[in-house]
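Chemist: No letters, just coordinates:
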C-alpha cells in the first residue's frame, strides 16, 4: 500500500493526494495507485484524467515483463513545480560566486555547514538508537525540509528515499550539493551510506542504502555538534 501524505497546498481532497502519490511512485500505473487509495482503477483514472487535462500529469506506455505495455503516470514539469524547491536562480548565483572564490570544496563545506545546523537539534536523540530508528528520525527531518523522505529497514541496514529535491535545478549545475548531502547523511547516521538512485540523474527519487558500521555514532554526533558551535 502506498503511504499517503497530506494534500498539496492549493489542492483539496483526493486530487492533492493523487499528485503526491504519483510524485512518490512515478512512473506508476492506475492499478498500483488505486491499491494505495482503496479505490478501483477506473475510479482513480477519472482523477488522473482531470490532472492530465490540467497539464500536471502525463501518461505513457511502459513494458513490464510478459504481456503488452502498461499505461503509467508521471508528473509533468508543471506538476513537479508544485512541490517545494529552493530559490534556484538566486542560489545558483551565490554558489557560482562561492565556486569562483573557494572552489568546489567551498560549496561542499557551505552545504555541510547548512546540514549540520539543521541537524543540531536532533543530535541528542541519536544516542543508543538502532540504525532503523536513526534513519526514521532523519527521514522526518528531511521531510520537514521539503524532501518527502521515507526510511525502511531493520537490523543493521536501512533504505532511505527522498521523493522530492528542493534543489533539483541547482544540483544539476552544482553536483557538489549532492556530494555534501551524501556526506551529511553518513555523518548524521554514523553509518556507511551508498547512493543507488539520483533525481539529478533522471531517477524518480534519491535512494540511499545505509549500513551500520562498527565505530558507532558517538564520535559522529560530537563532530556534528562542533560544526554548529
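Modeler: Alright, I've got the coordinates. On a predicted model such as this, the values are computed, not experimentally measured, just so you know.
Chemist: C-alpha only now, for contacts and for neighbours.
Modeler: Noted.
Chemist: For the host helix or strand of residue 101, the averaged confidence score.
Modeler: If you go by DSSP states H and E, residue 101 is part of helix 88-119. In this model, helix 88-119 has a mean pLDDT of 81.
Chemist: Kindly report the same for stretch 66-80.
Modeler: For stretch 66-80, the mean confidence score works out to 86.
Chemist: Buried residues in that stretch, which are they?
Modeler: 70, 72, 73, 74, 75, 79, 80 (16 or more other C-alpha atoms under 10 Å).
Chemist: Over to stretch 93-106?
Modeler: Quick answer for stretch 93-106 (16+ other C-alpha under 10 Å): 95, 96, 98, 99, 104, 106.
Chemist: Endpoints of stretch 29-49, how far apart?
Modeler: Chord length of stretch 29-49, first to last residue, is 13 Å (C-alpha to C-alpha, to the nearest Å).
Chemist: any idea how far residue 33 is from the residue located most distally from the centre of the chain?
Modeler: Distance from the centre of the chain peaks at residue 67, with 32.0 Å (C-alpha atoms, centre = their mean). According to C-alpha to C-alpha, residue 67 and residue 33 sit 20 Å apart.
Chemist: got it, and residue 212?
Modeler: 33 Å.
Chemist: What of residue 116?
Modeler: Counting by C-alpha to C-alpha, the gap from residue 116 to residue 33 is 36 Å.
Chemist: about what we covered before: farthest-separated two in the buried residues of stretch 93-106?
Modeler: Of all pairs drawn from these, the greatest distance, 10.5 Å, lies between 96 and 106 (C-alpha to C-alpha).
Chemist: returning to that earlier point: can you give me the angle the helix or strand just after the helix holding residue 101 makes with helix 88-119?
Modeler: Once the chain leaves helix 88-119, the next helix or strand it forms, by DSSP H and E, is helix 131-144. Calculated by axes from the mean of the first three to the mean of the last three C-alpha atoms, to 10 degrees, helix 131-144 forms an angle of 140 degrees with helix 88-119.
Chemist: and helix 131-144, what's its mean pLDDT?
Modeler: pLDDT averaged over helix 131-144 gives 90.
Chemist: what distance separates the very next helix or strand once past that helix from the centre of its chain?
Modeler: Using DSSP H and E, the helix or strand that follows helix 131-144 in sequence is strand 149-154. When distances are taken as C-alpha atoms, centre = their mean, to the nearest Å, strand 149-154 is centred 12 Å away from the chain's centroid.
Chemist: what residues does strand 149-154 touch?
Modeler: By C-alpha atoms under 8 Å, 6 or more residues apart in numbering, the residues outside strand 149-154 that reach it are 131-132, 135-136, 139-140, 142-143, 158-164.
Chemist: ok, now which ones touch residue 42?
Modeler: residue 30 are the contacts of residue 42 under C-alpha under 8 Å, 6+ apart.
Chemist: Hmm, residue 158 and residue 207 touching each other?
Modeler: No - with contact defined as C-alpha atoms under 8 Å, residue 207 does not reach residue 158; the gap is 10.6 Å.
Chemist: Which positions in stretch 25-40 come out as buried?
Modeler: So, applying 16+ other C-alpha under 10 Å, buried residues of stretch 25-40: 25, 26, 27, 28, 29, 30, 31, 32, 33, 34, 37.
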